[in-house]
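Undergrad: Have a look; sequence and predicted model below, questions after that.
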Amino acid sequence: MNPYVLTALLSSLGLGTTLTFASSHWLLAWMGLEINTLAITPLMAQHHHPRAVEATTKYFLTQATAAAMILFASTTNAWVTGEWSINNLSTPIASTMFAAALALKIGLAPMHFWMPEVLQGLDLTTGLIMSTWQKLAPLALIVQVAQAVDPLLLTTLGVMSTLVGGWGGLNQTQLRKILAYSSIAHMGWMVVVIQYAPHLTMFALGTYIIMTSTAFLTLKMLLATKVSTLATAWSKNPVLASTAALVMLSLGGLPPLTGFIPKWMILEELTKQDLPIIATIMALAALVSLYFYLRMCYAMTLTISPNTTTSTAPWRTYTTQTSLLLTIFTVAALGLLPMTPTILVLTT
């Protein structure tokens, strides 16, 4: 892609998210979401592969539906209240529609069906943008309207997402689909606590972005898109394979890795709010998710490829990919647990 066009599209992505962050008016927030959608669409279709075009079409139709729902809900709210302020959301119908539309935007269950299919059709770099940056603007709106939405609805969306994210990834062989279901499960953890402790949602979002970025950059470095190809990771780069296995365990939420912190804090907050059953279901759903992370670890570290090749061994070939960003994200994804008290002080 032309570097000038790429710069314009990435700048538009930043502009759309910033506009949504800064707006207190529903029309401005909607405009920011639309700029985001229109900026990422050319990035998704840049390879001109039928699968990429199909994924782009699915994504565009889904986001257009969510944007139409947001417009309709904001119009309904303005009709009743007489103003377009985001903070003045007092109509139950409008608030429920907003929650459904934003859940569709970020891929919460049961509106999650588009996400694995779309992510499967993208390259790893664009998939990284869709799994991280594209979540920011809708989540910022959910944080603002969370107090006006029915708590039962948010809790149901969160619990369903963690369960679907765990069960959906069990039988997958494509790494991008596994990461899509991982994203659905993590979004569920964030939404279920958003009405009680929004700072924990922001904290969980930060750790999720770090861990998911590490996972995508690692797979890009290994040129792996299927679980079966992870068997060659050890011969390509033993150090990277070792850290990648730990990153997957961190995504699963195992101590003493970084991914354990948000789950621990969210379960503690749910217990404080006298919701032990919800906390138990969430913990059990995390165990289901852990299975497919462990399967990826097994493929990377405990299996070797059965194929014999006459070409140059992979570890002898030189790669032009930069590894500085991957190194920084890997260290953060594995070693932030001792910083928990400091992070909590900064986020509250």
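TA: Thanks, I have the structure now.

Undergrad: other SSEs contacting the strand or helix carrying Ile209?
TA: Using DSSP states H and E, Ile209 maps to helix 198-222. In terms of contacts (3 or more C-beta pairs under 8 Å, 6 or more residues apart in numbering; DSSP states H and E), helix 198-222 is packed against helix 124-131, helix 133-145, helix 175-192, helix 238-252, helix 260-272, helix 324-335, helix 340-347. For the C-beta atoms, the positions are set from N, CA and C on the backbone; glycine is no exception.

Undergrad: what separates it from the chain centre, distance-wise?
TA: Centroid separation between helix 198-222 and its chain, computed with C-alpha atoms, centre = their mean, to the nearest Å, is 8 Å.

Undergrad: next one: stretch 110-126
TA: Stretch 110-126 sits 11 Å away from the centroid of its parent chain (C-alpha atoms, centre = their mean).

Undergrad: For that stretch, measure first residue to last.
TA: 24 Å (C-alpha to C-alpha, to the nearest Å).

Undergrad: Report the rounded mean pLDDT for the helix holding Ile209.
TA: Averaging pLDDT along helix 198-222 gives 92.

Undergrad: looking at the helices and strands packed on helix 198-222, which is buried most?
TA: Across the helices and strands packed on helix 198-222, averaging neighbours per residue (mean count of other C-beta atoms under 10 Å) puts helix 175-192 on top, at a mean of 26.

Undergrad: Tabulate the helices and strands packed on helix 198-222 in TSV, adding columns for distance to Thr81.
TA: Shown next, in TSV, are those (distance: least, C-beta to C-beta, whole Å):
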stretch	distance to Thr81
helix 124-131	34
helix 133-145	13
helix 175-192	25
helix 238-252	42
helix 260-272	31
helix 324-335	43
helix 340-347	32
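
Undergrad: of all those helices, which lies closest to Ile35?
TA: Comparison of the helices and strands packed on helix 198-222 against Ile35 by C-beta to C-beta identifies helix 133-145 as nearest, at 9.4 Å.

Undergrad: need the next SSE after the closest one, C-terminal direction.
TA: Downstream of helix 133-145, the first helix or strand assigned by DSSP H and E is helix 151-168.

Undergrad: I'd like the mean pLDDT over that following helix, please.
TA: 93.

Undergrad: Then stretch 12-28?
TA: Per-residue pLDDT over stretch 12-28 has a mean of 92.

Undergrad: go on, stretch 284-293?
TA: 91.

Undergrad: And stretch 262-276, by the same measure?
TA: 93.

Undergrad: before we move on, what about stretch 297-313?
TA: pLDDT averaged over stretch 297-313 gives 69.

Undergrad: you'd agree Gly39 is up against Gly16?
TA: Quick fix: residue 39 reads Ala, not Gly. Yes: at 6.2 Å, Ala39 counts as touching Gly16 under the criterion of C-beta atoms under 8 Å.

Undergrad: quick one, which of these two is more surrounded?
TA: Comparing Ala39 with Gly16 by neighbour count (other C-beta atoms under 10 Å), the higher total belongs to Gly16, at 24 against 21.

Undergrad: still on that earlier bit, rounded mean pLDDT for the following helix or strand past the helix holding Ile209, please.
TA: With elements assigned by DSSP H and E, the helix or strand that comes after helix 198-222 is helix 233-236. For helix 233-236, mean pLDDT is 78.

Undergrad: by contact count, what packs against helix 233-236?
TA: So helix 233-236, by 3+ C-beta pairs under 8 Å, 6+ apart, packs with helix 238-252, helix 276-301.
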